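S.K.: Using only what follows, build the 3D model:
(one chain, ligands or ions: 1)
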Amino acid sequence: MSSHPSITSLQGISFETLAREFDTPLYVYDAETISRQIQRLRASFENIRIKYAAKALTNRSILRFMKLQGVGVDVVSIQEAQLALLAGHLPADIMFTPNCVDFEEIVQGVELGLTMNLDNLPVLEKFGARYGGDVPCVIRLNPDILAGGNYKISTGHSQSKFGISVHSLDEIRTLVSRYQLNLEGLHIHTGSEITDIDVFMKMADILFGLAKEFSSVRYLDFGGGLKVAYQPGDGATDVAELGRRLSMAFRDFKDRESRELQLWMEPGKFLVSDAGFLLVRTNVVKVTPKATFVGVNSGLNHLIRPMMYDAYHTITNVSNPLGPKKNYWVVGNVCETDTFAADRELTEVREGDLLIIHNAGAYGYSMASNYNSRFRPAEVLIIDGQARLIRQRDTLDQLLAGQIDIFQ
Ligand SMILES: Cc1ncc(COP(=O)(O)O)c(C=O)c1O
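M.R.: Have a look, this model is predicted:
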């Protein structure tokens with residue numbers, strides 16, 4: 001695991017060097033870790049087709065890196081699709097999985113030549129009426145399974161807005177037959193941070209069951225949701241075991257049905273979470289009668305996961321790794337409750353110390369904002385032993401771009 005708490009450098013470049021060269025707050029990603037995760041998936045699953053869930057980290061150099069690794073992408077908006085195309089992905093390698101979008105966005109996806117993943121019955125009906133079987137499509141199913149790290153990232157339960165319910169199979173059958181749909185794939189994304197392999201096997205039962213009915217189906221997409229450990233001892237999806245069991249299920253299907261299906265997956269976190277670090281500088285150490293706060297030069301505007309999902313991020317003080325241990329509240333500078341870590345044991349933190357927030361690769365920068373009119377951080381990719389700037393820090397001009405002063 002690259003984000004082990006004792007880590008102080010990436011590919012031989014220390015975090016202190018990175019902070020000095022590029023300033024803080026700074027997002028840093030390690031290309032070697034991303035490659036390693038891709039290899040782990042390829043080694044675990046027979047014939048896997050990986051579609052990186054671009055929403056996790058959308059920087060165009062990362063999208064390009066995925067392309068160079070032979071990985072496709074899953075996108076959830078036309079804009080993500082456009083970024084993926086600019087990064088060199090072929091339309092055929094881009095799965096478009098929008099939800100609750102205007103049908104016009106579906107039409108745009110078709111015009112771009114994307115693989116269209118449809119997630120509700122009205123859209124399936126409109127798609128059929130407009131394209132019939134001329135344009136292939138995928139159906140996203142809602143399996144009625146509650147799984148995932150917490151409720152906000154569970155997408156497969158019956159009260160989730162995502163997918164067409166497995167209880168609506170008759171309606172699906174009717175539409176497929178009425179419009180002679182060219183259904184080439186079936187998809188389920190049950191949620192994020194799933195460690196229970198049986199959840200994926202339940203998904204497999206549903207997907208294989210339907211694939212038997214629809215002979216046009218060529219692939220089954222199991223979505224993302226693979227969990228990585230956020231601290232030593234934390235649970236993680238056993239991808240080797242999952243790969244073994246799912247690969248076996250695909251082989252069984254082939255033996256029984258004399259038909260070979262492809263296995264698709266679209267991980268986000270698994271590929272980039274461990275690879276990313278947010279480097280922040282300590283502005284102030286504030287001692288109150290009840291708590292000691294470490295106020296850093298970042299906040300929920302840069303990394304919202306702790307405040308949004310109660311997500312745990314390991315934090316290390318690389319400026320004072322051998323200092324005595326004390327408990328701190330690590331907080332940001334945004335004018336809301338803005339806590340990265342509550343009552344967390346760290347080696348003693350002094351003003352100016354550099355703290356590293358681990359597992360910041362996924363849903364870090366891609367969820368960042370200019371709240372409080374602060375600049376979003378720069379982003380750096382460590383690749384082939386070199387630190388390469390892949391996005392500049394925001395500027396005042398960027399903050400003002402698009403704004404119109406009507407009183408000028
Ligand atoms: C449709 C879809 N696929 C894949 C993912 C990636 O999930 P994860 O980052 O947990 O792998 C998501 C995340 O929300 C998603 O909505």
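S.K.: any weak-confidence spans in this protein?
M.R.: 1-3 (pLDDT under 70).
S.K.: residues in it within reach of the ligand, list them.
M.R.: 53, 56, 74, 97, 189, 192, 223-226, 266-270, 362 (Cβ under 6 Å from any ligand atom). Quick note: C-beta positions are derived from backbone N, CA and C, even for glycine.
S.K.: what are the bridge partners for residue 387, then?
M.R.: Beta-bridge partners for residue 387, by DSSP bridges, are residue 382.
S.K.: Quick one, which of the residues of the chain next to the ligand are buried?
M.R.: Neighbour counting over the residues of the chain next to the ligand (16 or more other Cβ atoms under 10 Å) leaves 53, 56, 74, 97, 189, 192, 223-226, 266-270, 362 as the buried ones.
S.K.: Out of the residues of the chain next to the ligand, which sit inside helices?
M.R.: Within these, residues falling in helices by DSSP state H are 269, 270.
S.K.: which residues sit in contact with residue 152?
M.R.: Under the criterion of Cβ atoms under 8 Å, 6 or more residues apart in numbering, the neighbours of residue 152 are 308, 309.
S.K.: Three-state assignment for it, please.
M.R.: helix (DSSP: H, G, I helix; E, B strand; the rest coil).
S.K.: And stretch 146-164, what's buried?
M.R.: 147, 148, 149, 153, 154, 155, 156, 157, 160, 162, 163, 164.
S.K.: Once you drop chain neighbours, what's closest to the fourth one?
M.R.: Okay, so that is residue 153. residue 192 (3.9 Å; Cβ to Cβ, 6 or more residues apart in numbering).
S.K.: can you check the first one too?
M.R.: In space, and not counting its chain neighbours, residue 147 is closest to residue 199: 4.4 Å by Cβ to Cβ, 6+ apart.
S.K.: That neighbour reaches residue 188, doesn't it?
M.R.: No - counting by Cβ atoms under 8 Å, residue 199 stays clear of residue 188, with 9.9 Å between them.
S.K.: Which strand residues bridge the single nearest residue of the stretch 1-150 of the chain relative to the ligand?
M.R.: The ligand sits closest to residue 53 of the stretch 1-150 of the chain, with a gap of 3.5 Å, by Cβ to the nearest ligand atom. Counting by DSSP bridges, residue 53 forms beta bridges with residue 74.
S.K.: re earlier: for the residue nearest to residue 147, list the residues it contacts.
M.R.: Contacts of residue 199 by Cβ under 8 Å, 6+ apart are 145, 147, 190.
S.K.: what helix or strand is it on?
M.R.: Using DSSP states H and E, residue 199 sits within helix 197-213.
S.K.: Show me the domain layout of this structure.
M.R.: With domains defined by automatic domain parsing, the chain comprises 45-270, 276-399.
S.K.: Kindly reformat these as a markdown table and extend each row with distance to residue 21.
M.R.: Shown next, in a markdown table, are the domains of the chain (distance: least, Cβ to Cβ, whole Å):
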| stretch | distance to residue 21 |
| --- | --- |
| domain 45-270 | 17 |
| domain 276-399 | 7 |
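S.K.: Of all the ones you listed, which one comes closest to residue 406?
M.R.: Nearest to residue 406 among those is domain 276-399 (17.7 Å), distances taken as Cβ to Cβ.
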